[in-house]
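**Student:** Whatever this is, show me its structure:
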Amino acid sequence: MQDESRRALEAIIMVADHPADPVVLAQLVELSPAAVEEILLQVAESYEQENRGFRLVKVAGGWRYQSHEDCSAYVEQFVLTGQTARLSAAALETLAIVAYKQPTSRAQVAAIRGVNVDGVMRTLQQRGYIDETGRDVGPGQASLFGTTDLFLERLGLNSLDELPSLGDLIPGADVVELLEQSLIGLPEFDETIQQETEPDAEQLAEPQHLEQDGSSEPADSEND
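**Tutor:** Numbers count the residues shown, from 1 in each chain. Presented below is the predicted three-dimensional model:
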């Protein structure tokens, strides 16, 4: 019975357009959702042990087949050949803001990016990566947007909790300080670098001269 259920589950997931919901799968094979989850976990493990080029994974709350990450170079070459409908850098930035700030409005995303995002938001909505999730309770009742299951599916995530923490992406205080110093034109170097570039005592003892008209003359003093 379990072998038949396993084959049935594999066949259903193979033809599913979206990640297959365990509850729906359980109804189709007349088993409990827990039993279906256990069978699929065993199937996924068997694929890994057999070193297949594909995997059975749980993404966006459901189960689906996807290519193994070890084969990503070959898959990318096949998928991207002749493809022109890739997301722009602006679209990816906007999508990242929505993912981390959701539910969020167009105005909030535009305030973060510093540019109008109406066109980019429409593109992302048409692609199915974001969608309207509600209305702001404030004045104007602006539309609020969030990411979709397709977004999770494309990123191979089971839930938004699996997104990288923003804290891991923020540079440390030392890096921020160096960036600030470079922006105001006052670079501050590490102490070890100062020691390596600092002139020795003999160099400090020798006066610095500027060559003018073929002769060595001291630099202009304040009395000139």
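**Student:** Where does pLDDT dip in this protein?
**Tutor:** Residue ranges of the chain with pLDDT under 70: 1, 81-85, 169, 171-172, 176, 179-180, 183-224.
**Student:** At which residues are the helices of it located?
**Tutor:** Ranges of helices in the chain, per DSSP state H, are 2-15, 22-29, 33-49, 72-80, 89-101, 106-113, 118-127, 149-155, 166-169, 173-183, 191-197, 201-205.
**Student:** Using CSV, lay out those together with mean neighbour count.
**Tutor:** (Each C-beta comes from the backbone N, C-alpha and C, glycine too.) Output for those, formatted as CSV (neighbours: other CB atoms under 10 Å):
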stretch, mean neighbour count
helix 2-15, 13
helix 22-29, 16
helix 33-49, 15
helix 72-80, 11
helix 89-101, 17
helix 106-113, 16
helix 118-127, 16
helix 149-155, 18
helix 166-169, 7
helix 173-183, 11
helix 191-197, 9
helix 201-205, 8
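**Student:** Same list, those, but as TSV with distance to Y65 please.
**Tutor:** Listed next are these as TSV, based on distance: least, CB to CB, whole Å:
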stretch	distance to Y65
helix 2-15	6
helix 22-29	14
helix 33-49	9
helix 72-80	13
helix 89-101	24
helix 106-113	34
helix 118-127	22
helix 149-155	12
helix 166-169	30
helix 173-183	41
helix 191-197	53
helix 201-205	69
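**Student:** quick one: the spatially closest residue to L166 that is not a sequence neighbour from H68, how far?
**Tutor:** Leaving aside its sequence neighbours, L166 sits nearest to Y100 (CB to CB, 6 or more residues apart in numbering; 6.3 Å). According to CB to CB, to the nearest Å, Y100 stands 28 Å off from H68.
**Student:** quick one, domains of the chain?
**Tutor:** Following automatic domain parsing, one gets these domains for the chain: 2-71, 89-163, 170-199.
**Student:** Can you add distance to V79 and give the ones you listed back as TSV?
**Tutor:** Formatted as TSV, the domains of the chain follow (distance: least, CB to CB, whole Å):
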stretch	distance to V79
domain 2-71	9
domain 89-163	12
domain 170-199	32
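**Student:** closest one to V137 among the helices of the chain?
**Tutor:** helix 106-113 (14.0 Å; CB to CB).
**Student:** Check the gap between E132 and T123 for me.
**Tutor:** Applying CB to CB, the value for E132 to T123 is 15 Å.
**Student:** oh sorry, the question was meant for R135
**Tutor:** Counting by CB to CB - R135 and T123 are separated by 22 Å.
**Student:** Next, name the residue at the spatial heart of the chain.
**Tutor:** Centrality entry for the chain: nearest residue to the mean C-alpha point is A96, 6.7 Å, by CA atoms, centre = their mean.
**Student:** mind listing what it touches?
**Tutor:** With contact set as CB atoms under 8 Å, 6 or more residues apart in numbering, A96 has no partners.
**Student:** Fine, thanks again, bye for now.
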